[in-house]
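Student: After the sequence you'll find the predicted model.
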Amino acid sequence: MKDQKECLVCKRGQQEIPITEFLYKDSSFFICAQHIPVLIHDPQKLVGLLPDADKMQGV
């Protein structure tokens, strides 16, 4: 994981947009408010960005 705090989807950092941290598989990740719905409803779009995203199911 990168040391910079930036959205894992759009790569914008905390100096540009509010981001929030979440923990998954013993790692810390960051995501912006615009992309939280992707994490919740369509996590398969995060394949390649988040480990095992292909195994996650949206609600």
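Tutor: Yes, it's here.
Student: from here on, contacts and neighbour counts on C-alpha atoms
Tutor: Will do.
Student: how about low-confidence regions in the protein?
Tutor: Per-residue confidence for the chain (pLDDT under 70) gives these ranges: 1-3.
Student: Helices of the protein, start to end?
Tutor: Using DSSP state H, the helices of the chain run over residues 36-41.
Student: neighbours of Gln4, just the number please.
Tutor: The tally of other residues near Gln4 (other C-alpha atoms under 10 Å) stands at 10.
Student: and if you look at Leu50?
Tutor: Using other C-alpha under 10 Å, Leu50 has 17 neighbouring residues.
Student: what's the neighbour count on the nearest residue to Ile40 once chain neighbours are set aside?
Tutor: Excluding its sequence neighbours, the residue lying closest to Ile40 (C-alpha to C-alpha, 6 or more residues apart in numbering) is Gly58, at 5.6 Å. As a burial measure, Gly58 scores 11 neighbours (other C-alpha under 10 Å).
Student: what sits against Gly58?
Tutor: 39-43 (C-alpha atoms under 8 Å, 6 or more residues apart in numbering).
Student: out of those, which are buried?
Tutor: Buried members of the contacts of Gly58, scored by 16 or more other C-alpha atoms under 10 Å, are 39, 43.
Student: got the contacts of Gly58 as JSON lines, with distance to Ile31 columns?
Tutor: JSON lines is the format used below for those (distance: C-alpha to C-alpha, whole Å):
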{"residue": "Leu39", "distance to Ile31": "9"}
{"residue": "Ile40", "distance to Ile31": "12"}
{"residue": "His41", "distance to Ile31": "14"}
{"residue": "Asp42", "distance to Ile31": "14"}
{"residue": "Pro43", "distance to Ile31": "12"}
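Student: Closest to Leu49 out of the contacts of Gly58?
Tutor: Proximity of the contacts of Gly58 to Leu49 (C-alpha to C-alpha) peaks at Pro43, which lies at 10.0 Å.
Student: Cool, thanks, talk later.
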